[in-house]
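Asker: The sequence and its predicted three-dimensional model are supplied below.
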Amino acid sequence: MGLFLLSLCLLILGYFTYGVLVEKVFVIKPEHKTPAITYADGVDYMPLSPVRVFLIQFLNIAGLGPVFGAILGALYGPVCLLWIVFGSIFAGGVHDYLSGMISMSYRGRTLSDFVEVFLGHKFCIAFLSLLVILLLIVGSIFAKTPAMMLSNLIGMDFMWWLLLIFGYYFLATILPIDKIVGHLYPFFAATLLIATVLLLGALFVGGYDFYPDLHTFNQNPNGKPIFPLMFITIACGALSGFHATQSPMMARCLTNEKYGRPIFYGAMILEGVVALIWATLSIAYFHGTTGLNEALGSTGNAGKVVSVISEGLLGSWGKILTVTAIVLLAITSGDTALRSARLSLADFFKIRQQKLSNRLILSVIIFASAMGLALIDLNKIWLYFGWTNQMLATIMLWIGALYLKHKHHFYQMAMVPAMFMTAVCGTYFGYSDLMLRQDLTTSVWIGLGITCVVTIIFFIYTSKYHHHS
């Protein structure tokens, strides 16, 4: 219990110390008019209260990640807390803050659009293509998953649930941000937080040993190495590239740059808290990683673990509350992914979104693609998502370092986590069965080699780089 409380305190302390430093390094200008005011269009650029924006941002970036990812990451034992805590403070928080604040500095542009600003048009085309495909896959998976869960829970046919969820997605994508998203998301976020706090309280009351074994560093029952696998497994809750597709949406709704730290950095810290709790629940409830591994089964079914923990700690009503929260998390990840796809395409092709007809044209293309993907087996493609997601985060951190170096600010704040994640992604590329299938030592050298090359390119590029907007 002491380790849990220490981890929680460190996350909170990180917000009030390193979060303040990040804000000072970026140099905010509270007197500047934000894109929400300057480019207000009544659809995507719209001033909202900071509390609403915070809750929407939290739910946008959370999704299933800080629950399912933390459960799977908990297989490594309490060592996963190190990544959740320090990853959230020094990597995830920096990543989310920079992706939101750089977007505000560039008229609320989406990630692919300011990739073009920093890395050029050709790189942007390739990046946008990959990004839209990933967002479509996320939208499809996060329509199928809750449809299956609701079909099992309530009994209505899976296809009907899938059609209903896609119908909701379509409305959430084309309607102004203050309608469905602005009204419902704060309540959805509250549902997740209430369920998580109740489960933690039940764990305290039940007298569980939070971390039964603190002497073994790597407790993975299958002998999997911590590096690089744990850093790919736990994304949301520590660092996730998906967040860089979400922060620009809220950058279009902020009325003052001073809200950037609580909303972008603060929401990431809160997500870290949620991941910390779910990792702890997973280890404590099953009395260690061996029991957790058995509960996950051969398929690694984290949804089953959520159901078992919820019913075991809170009873049947608690199970319903928690499963409802998980379904809402999946759905809100899907609709914001598809909304982000619309905004990314609109920015690239310079299609103004005030007209409903313009939004409909893009949305019909996006939804036809997403629904088509939902009808095929994406399991093999999804296996690559964790690595690609962290590659997105790595690219965003390098862009943040580019931005700060040009401004003659403390660019190492973004460069150091960017280098670390380059090594993680490079090592995973060498080690994973999905890719080169090398032994761990060889894979680490591959990762370090790629990191050295990318870092050298960074310094060569920044020595010649002339900033343009």
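Answerer: Perfect, I can see it now.
Asker: in the stretch 51-200 of the chain, which spans are helices?
Answerer: 70-73, 80-87, 93-105, 111-119, 121-154, 158-174, 180-205 (DSSP state H, counting those that start in this stretch).
Asker: which one of these lies closest to residue 320?
Answerer: Nearest of the helices of the stretch 51-200 of the chain to residue 320, taken as C-beta to C-beta: helix 121-154 at 8.0 Å. Yep, even glycine has a C-beta here, placed from its N, CA and C like the rest.
Asker: Can you check what angle separates that closest one from helix 158-174?
Answerer: In terms of direction (axes from the mean of the first three to the mean of the last three C-alpha atoms, to 10 degrees), helix 121-154 departs from helix 158-174 by 140 degrees.
Asker: Which helix or strand lies directly C-terminal to the longest helix that the chain contains?
Answerer: Using DSSP state H, we find that the single longest helix of the chain is helix 302-349. Next along the chain after helix 302-349, taking DSSP states H and E as the criterion, comes helix 356-374.
Asker: What average pLDDT does that following helix get?
Answerer: Helix 356-374 comes out with an average pLDDT of 93.
Asker: what do you get for stretch 329-349?
Answerer: Mean per-residue pLDDT for stretch 329-349: 90.
Asker: Give me the buried stretch members for it, please.
Answerer: Neighbour counts over stretch 329-349 (16 or more other C-beta atoms under 10 Å) mark 329-348 as buried.
Asker: cool, stretch 109-128 as well?
Answerer: Buried residues in stretch 109-128, defined by neighbour count with 16+ other C-beta under 10 Å: 109-119, 124, 127-128.
Asker: Could you give the separation of that stretch from the chain centroid?
Answerer: Averaging C-alpha positions (C-alpha atoms, centre = their mean, to the nearest Å) puts stretch 109-128 20 Å from its chain's average.
Asker: what residues does that stretch touch?
Answerer: 99, 102-103, 106, 131, 244-245, 248, 340, 343-345, 347-348, 392, 395-396, 399, 402-403, 468-469 (C-beta atoms under 8 Å, 6 or more residues apart in numbering).
Asker: Span of it from start to end?
Answerer: End-to-end span of stretch 109-128 (C-alpha to C-alpha, to the nearest Å): 13 Å.
Asker: can you redo the buried residues of stretch 109-128 as CSV with pLDDT?
Answerer: Formatted as CSV, those follow (pLDDT from 0 to 100):
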residue, pLDDT
109, 91
110, 91
111, 86
112, 85
113, 83
114, 79
115, 85
116, 86
117, 83
118, 83
119, 83
124, 90
127, 90
128, 92
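Asker: which one of these is nearest residue 72?
Answerer: Closest to residue 72 out of these is residue 111 (25.8 Å), distances taken as C-beta to C-beta.
Asker: how far away is the closest one from residue 400?
Answerer: 11 Å (C-beta to C-beta, to the nearest Å).
Asker: What of residue 35?
Answerer: Using C-beta to C-beta, residue 35 is found at 19 Å from residue 400.
Asker: Which of the two has more residues huddled nearby?
Answerer: residue 400 (26 against 22; other C-beta atoms under 10 Å).
Asker: residue contacts, that one?
Answerer: By C-beta under 8 Å, 6+ apart, the contact set of residue 400 is 94-95, 98-99, 102, 413-414, 418.
Asker: and with 10 Å instead?
Answerer: Residue 400 makes contact with 26, 94-95, 97-99, 101-102, 118, 244, 411, 413-415, 417-418, according to C-beta atoms under 10 Å, 6 or more residues apart in numbering.
Asker: Pull out the buried residues from the helix or strand hosting it.
Answerer: Using DSSP H and E, residue 400 maps to helix 385-406. For helix 385-406, a neighbour-count test (16+ other C-beta under 10 Å) marks 385-405 as buried.
Asker: And for stretch 144-157?
Answerer: Neighbour-count burial for stretch 144-157, counted by 16+ other C-beta under 10 Å, picks out 144-151, 153.
Asker: which other helices and strands contact the helix or strand of the chain with the lowest mean pLDDT?
Answerer: Here the helix or strand of the chain ranked lowest by mean pLDDT, DSSP states H and E is helix 379-382, holding a mean of 73. Here helix 379-382 touches helix 121-154, going by 3 or more C-beta pairs under 10 Å, 6 or more residues apart in numbering; DSSP states H and E.
Asker: what angle separates the helix it packs on from helix 302-349?
Answerer: Calculated by the same axes, to 10 degrees, helix 121-154 forms an angle of 140 degrees with helix 302-349.
Asker: picking that back up, quick check: mean pLDDT of the following helix or strand past the helix holding residue 400?
Answerer: Per DSSP H and E, the first helix or strand lying C-terminal to helix 385-406 is helix 412-431. The predicted model gives helix 412-431 an average pLDDT of 98.
Asker: do the same with stretch 23-35
Answerer: For stretch 23-35, mean pLDDT rounds to 95.
Asker: quick revisit: return the member of the buried residues of stretch 109-128 nearest to residue 370.
Answerer: Of all these, residue 370 sits closest to residue 128, with 16.5 Å by C-beta to C-beta.
Asker: Now do that closest one against residue 333, distance only.
Answerer: Noted for residue 128: a distance of 20 Å to residue 333, by C-beta to C-beta.
Asker: swap in residue 325?
Answerer: For residue 325 relative to residue 333 (C-beta to C-beta), the value is 13 Å.
Asker: do residue 241 as well
Answerer: Taking C-beta to C-beta, one finds residue 241 at 13 Å from residue 333.
Asker: about what we covered before: and the least confident helix or strand of the chain, which residues are buried?
Answerer: Buried residues in helix 379-382 (16+ other C-beta under 10 Å): residue 381.
Asker: Show the contacting residues for the closest residue to residue 311 other than its chain neighbours.
Answerer: Leaving aside its chain neighbours, residue 311 sits nearest to residue 319 (4.0 Å; criterion: C-beta to C-beta, 6 or more residues apart in numbering). Residue 319 makes contacts with 153, 195, 306-313, as judged by C-beta under 10 Å, 6+ apart.
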